[in-house]
Structures are given as C-alpha cells and as structure tokens.
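1. Have a look at this prediction, sequence included:
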Amino acid sequence: MVDQQSKAAWYEKLTVMQRLSILGGLTVAAVMVAGFIHTMVVNQLDDMTDSSKSAALMMEHLDGLSEKAAWQYALAMRMLSGGSLAQEYEQSFRAGMQEIETLEQGLPDDAMRGMAVDLRHEFQAFHDLLQSYSDNNRVIGLSEKEGLRGRLRDAVHAVEHSFRAMDDDRLMVSMLMLRRHEKDFLLRQHEKYLTRHATEMEHMRKLVTDAAMPDENKADILKQLDAYQSGLKELAAKKMENKVLFADFSKLFNTKLVPSLARLDERLGDELEALHVKESRIHDSQGLYFWGAVLGSLIVVVLLLFVVARSIIRPLSELAQAMDALDDGDTSKEIDIRMDGAVGKLVEAYHKLKVTVDEAFQLKRVVEISPQATMLARTEDLTITYMNPAAERLFASIESFLPCRVDEIIGKDIDIFHRNPARQRQLLADESNLPHHA
C-alpha cells in the first residue's frame, strides 16, 4: 500500500475535497473568463462609440472650416473689388486656422492629420497671396489721390495744364490718345495698351520737340511726360503683379484648397462609416461572443464535473465491490486506489479488515475440520449462531433427547440446554469466570 502511494501521480493522490475545490476553482475561472469576454466586448463598443463621437465632432469642425473658407473667399473677392472688409476677413481667417488646429489635434490617424497640416499651409499661402495683393493695392492707392494713382493723376494734370496753355490741337489730340490707352490698360490690364501708350508717347515727344516754344518750356514738358510715363509704368507693374496674384490665389483656392477640403471630408466620411460598420458588427456579435463563452465554459465545467465525479465514484464503487466480496469471504480481490484523505483511510481500513477476515476464514476452516464439537453464540443474548460439523454430528446422535431438531438449534439461545439457565447466564456475564470448563 505504501509503495503504491509513493508511486502514484500527484493527481491520483488528490482527496475528494481537493478535487471538488479544483472543480469549483475552474468553474469560477470559467465564469471570470466569460465575464472578461463580456467586459472586453463592452469596452470595444465604448471605444467605438468614443471614436465615432470624436470623428463626428471632427466632421462638424471640417464642415465649419469649409463654410469659413467659402466665406473667406467671398470676403477676399469683395476686398479685391474695393470693399473695406479687412477686419471681417482677418476674423474669418483666424477662425479658419483655429478649426484647422482642432483638426490637426483631433483627427483619428496620421494620414488625415497630415492632410490637415497641408490645409493649414494652403490657407496660409492663400492668405499671403491676398496680403501681397492688398499691399500692392495700398501702393497703387486706395483712392485716386493716393499712392501711384495719385502720382499718375498729378503727372497727367501737369501735362494737360501745360498743353492747355499752349493751345495746340495736335498736342491735345495726342494727349487724349495717351489717356485713352491709359484707361484701356487700367480697365483691361493688357500689355498691348501699354505698347500703344509708349508709341503714342514717342509721337507726343516729337510733337513737343517740334513745337514752336522756348527750349526751357520744352524741357519742362518733356520732364512732365517722363513723370507721366514712369508713373504709368510703375502703376502698370503693380497692376500686372496683382493680376498674377489674383490668378494665383484663385487657382490656389479652386485647385488646391477646395479639393483638399473635399478629400479630407471624403476620408473622414469613410472613417465614420467604417466606425459605424465596426460598431454594428461588434454590437451584433456581442451576444454571440458572450453566450459562446458561457456555453463553452459550461461545457468545460460539465466535462470536468464528469471527470471529477467519475474519479470519486469509481474508487468508491470499487471499494464497495471489494467489501461485498469480503463479506462473502472472498479475500482475493485487489484494489488499486491511491487517493488520500477519507477515501485513502477507507482503503487502509479495507486492507486491515481484509487481513482480519482472511485470518477469520482460515480459523473457520480449521474449526470446520476439527473433530471437537464447537458452537458459537452472541454475547449480547447468547443466541447460537454457528455449529461445526462435529457438533452437528454429536447433536444428531442425541437428537431424541434435545428440545428441538438439530437443524433448528442455530437461532436458539443456550437456555435450551440447561435446567437452570439463570446460573449459566450469571456465570457467563462475568468475564472473570472465563474461560470455564465443565
């Protein structure tokens, strides 16, 4: 028995309580796993909800940025047309940049944040171009008396005043042609009008040179014409620069800024749709995951319960069968049960009882073959429980003198053999009188 216990694996030695504790622990673990899966799914749903809310908020900011960009462009166009809307434009520009900063910090991935950075650069480039245009406008002059426009006006008026004093029709006609080319350029901003103006200016110079007037007057008028021509050239340069700037920021707005806003809007819309789809998928599969985990855990627990119950019941059943065999006198049955605890103690008691029963049956066989008549009686009530064959033969030979037949003796008390049963009972009641020989 000791050798078997020492050779037994650790799980074979587990007591009933230990096996039930393991089963209980595994059941708790299975419940915890199911709870963990449920919590994980709920957390995923919460994350998806937070991401969807964040993306939706970013979409609101992007919509606001698109509205501000359109309004900013409209303000810019009105400013270029001479409207005094600089303060409104600056407020719109700052609000748009704040929206872009919010997008840079809150968009869900690096790619979209990079698109927001590109938007900021494009907004800034648009603003810089408009600023250059506005600076040029101030140089040109916000009114006809300011800037290059004022200088050109003064130069033109000086020339016209000199020509009126000379009362020369040819000079006045040439001056009208110069003013016509000047106004055509300012209206249409085409270089051909500058070329025509320069050609007419050469004609004007020749007329002045050929005119009958003092050389001093000719020099003053030619100087005035130089001022007029240089003023127009400076004004034309700024106008042509503004023409290019206008084309550049219009192109920037229509070919870069607006498409960039549209691409970011599409990308963020796709992200929102993907988040909604993923959230719906997780929500739909939540019950499947949870009940799948519960069912899987239940199956595992039932299987473990079956294994543990079998590991407990089988040794007890084997021990019960061995005890039944032992009750029938069969001491040949061997049991291989290696459990500790109460079952292990039962096994130890079985082996001790087996030795005792084996000895008892050996003694019975000796008594059976003994020629000495032998009877056994219970000590409690002195009822006869056994007679060996020698006793049966002896009683059979004197059956006519007995109070009952031989086959009826077992189950009777010993009083049937005595005239004064009380004396025998008193004698047997005191262990100090035993053994007794009569």
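-> Thanks, I have it.

2. Grab the nearest non-local neighbour of residue 59.
-> Of all residues not flanking residue 59 in the chain, residue 268 sits nearest, at 5.5 Å (C-beta to C-beta, 6 or more residues apart in numbering). Every C-beta, even on glycine, is put in place using the N, C-alpha and C of the backbone.

3. Number of residues surrounding that neighbour?
-> A total of 21 residues lie near residue 268 under the criterion other C-beta atoms under 10 Å.

4. and if you look at residue 53?
-> Neighbour count for residue 53, taken as other C-beta under 10 Å: 11.

5. repeat for residue 131
-> Residue 131: 13 surrounding residues under other C-beta under 10 Å.

6. Would you indicate which residues of the helix or strand hosting it are buried?
-> According to DSSP states H and E, residue 131 maps onto helix 110-140. Buried residues in helix 110-140, counted by 16 or more other C-beta atoms under 10 Å: 112, 115-116, 118-120, 122-123, 125-127, 129-130, 132-134, 136-137, 139-140.

7. about what we covered before: residue 57 is in contact with the residue nearest to residue 59, correct?
-> No. Between residue 268 and residue 57 there is no contact under C-beta atoms under 8 Å: 10.6 Å.

8. how close does residue 418 sit to residue 430?
-> 17 Å (C-beta to C-beta, to the nearest Å).

9. for residue 42, that is, sorry about that
-> Distance of residue 42 to residue 430, computed by C-beta to C-beta: 83 Å.

10. go on, residue 96?
-> 121 Å.

11. Please say which of the two ends up with more neighbours.
-> Taking other C-beta under 10 Å, residue 96 and residue 430 do not tie; residue 96 has more neighbours (23 against 9).

12. model confidence over the helix or strand where the more buried one lies, on average?
-> Per DSSP H and E, residue 96 falls inside helix 86-106. Helix 86-106 carries an average pLDDT of 89.

13. That one: how far from the chain's middle?
-> With C-alpha atoms, centre = their mean, to the nearest Å as the basis, helix 86-106 stands 33 Å off its chain's centre.

14. and stretch 353-360, which residues are buried?
-> 354, 357.

15. Strands of the stretch 101-250 of the chain, start to end?
-> With DSSP state E, counting those that start in this stretch as the definition, the stretch 101-250 of the chain shows no strands.

16. how about the helices in it?
-> 110-140, 147-166, 169-188, 191-210, 215-252 (DSSP state H, counting those that start in this stretch).

17. For those helices, could you give me CSV that also reports distance to residue 434 and mean pLDDT?
-> Output for these, formatted as CSV (distance: least, C-beta to C-beta, whole Å; pLDDT from 0 to 100):
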stretch, distance to residue 434, mean pLDDT
helix 110-140, 104, 90
helix 147-166, 148, 88
helix 169-188, 151, 89
helix 191-210, 151, 91
helix 215-252, 128, 90
